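Asks: Just to be clear, the model below is a prediction. Sequence and coordinates:
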Amino acid sequence: MTLRTCIEVLRENQMCGTNRMVPYRDSKVTHLFKNYFDGEGKVRMVVCVNPKADDYEETMLVMRFAELTQEVEVARPVDRPICSLAAGRRHRNQAFRDELSRRQEERPGGPSNTEDGSVLNQLLDSLPALPACELVDPTDEHILPRLIEVLERRHRIRQMITEQYTRTANTLKSMLQEFDGHLMAKENFIHEQRGKLGEKDKIMVNQKNEMDRLEKKSKMLEYKVKYKFSIFLSFLYH
């Protein structure tokens, strides 16, 4: 039912040139795929009907709804590129990247002087090079132990880098979740404010209609007073 309401509002905006707000937030599914309905993706509808006579009315309703959706055309935006992110996440991801870049620029020395970055650079610089592995003597007892030692050191450094990467990824994930929560709260606040603004607009329209009615009534009473006063003056003169 929410999907049908959204389709009907889109069709009304398209046919009548209005700009009504589409109630995507009334259900989680329509809110999730909002960007697709705004032209940033492709939407296909699969209509399931039943040939049973008992389901004739329901089948007709479904077919009418399918016919209604064919009349809706949404222009694809040309100022925003289509990327591989899920609908509803593209602008949040871009906003998060902008905020992250801004915070990194505000830090003294930039992001490369942070503690995590210095530790990671030290680990990469301390990665030992592999020694010569050519065996010229089958009784050589130095090359293989030295190679094993170097490989063990590289393995330990690799584990440290992996742990550091995991901690950094978890930190970024928590920052993204926190930013996502703040952004969702702001969107809900804006939606509430728009609802309140719509209610105030309705009140203003009602007040304007009431003022017009009172103005017409005042003009009518003024006309009656003038008419009666003219009759009274004519009566005095005669």
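Replies: Ah, there it is.
Asks: Give me the secondary structure label for residue 43.
Replies: Secondary structure state of residue 43, per DSSP: H, G, I helix; E, B strand; the rest coil, is coil.
Asks: For it, which non-adjacent residue is spatially closest?
Replies: residue 36 (5.2 Å; CB to CB, 6 or more residues apart in numbering). For the C-beta atoms, the positions are set from N, CA and C on the backbone; glycine is no exception.
Asks: ok, that neighbour to residue 183 distance?
Replies: Separation of residue 36 from residue 183 (CB to CB, to the nearest Å) stands at 20 Å.
Asks: circling back to that earlier point, what about the residue nearest to residue 43, neighbour count?
Replies: 16 (other CB atoms under 10 Å).
Asks: mind listing the helices for the chain?
Replies: 2-16, 28-32, 34-35, 56-70, 90-106, 115-125, 143-237 (DSSP state H).
Asks: between the first one and helix 56-70, how big is the angle?
Replies: Taking axes from the mean of the first three to the mean of the last three CA atoms, to 10 degrees, one finds helix 2-16 and helix 56-70 inclined to each other by 50 degrees.
Asks: Out of the helices of the chain, which is the most enclosed?
Replies: helix 34-35 (a mean of 18; mean count of other CB atoms under 10 Å).
Asks: Figure out how far that helix is from the centre of its chain.
Replies: Per CA atoms, centre = their mean, to the nearest Å, the displacement of helix 34-35 from the mean C-alpha position of its chain is 7 Å.
Asks: Who are the packing partners of that helix?
Replies: Judged by 3 or more CB pairs under 8 Å, 6 or more residues apart in numbering; DSSP states H and E, helix 34-35 has no packing partners among the helices and strands.
Asks: quick one: residue 6 and residue 20 touch, right?
Replies: No. The pair residue 6 and residue 20 does not pass the contact test of CB atoms under 8 Å, sitting 10.6 Å apart.
Asks: Among the helices of the chain, show the one with the smallest mean pLDDT.
Replies: For these, the weakest mean pLDDT is recorded on helix 115-125, namely a mean of 57.
Asks: For residue 178, give its distance to residue 236.
Replies: 85 Å.
Asks: ok, now residue 167?
Replies: 102 Å.
Asks: can you list the domain ranges for the chain.
Replies: For the chain, the TED database gives the domain ranges 1-75, 117-128+140-212.
Asks: would you turn those into a markdown table with distance to residue 230?
Replies: Output for the domains of the chain, formatted as a markdown table (distance: least, CB to CB, whole Å):
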| stretch | distance to residue 230 |
| --- | --- |
| domain 1-75 | 49 |
| domain 117-128+140-212 | 27 |
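Asks: wait, which of those domains is closest to residue 96?
Replies: Across the domains of the chain, residue 96 has its closest neighbour in domain 117-128+140-212 (5.2 Å, CB to CB).
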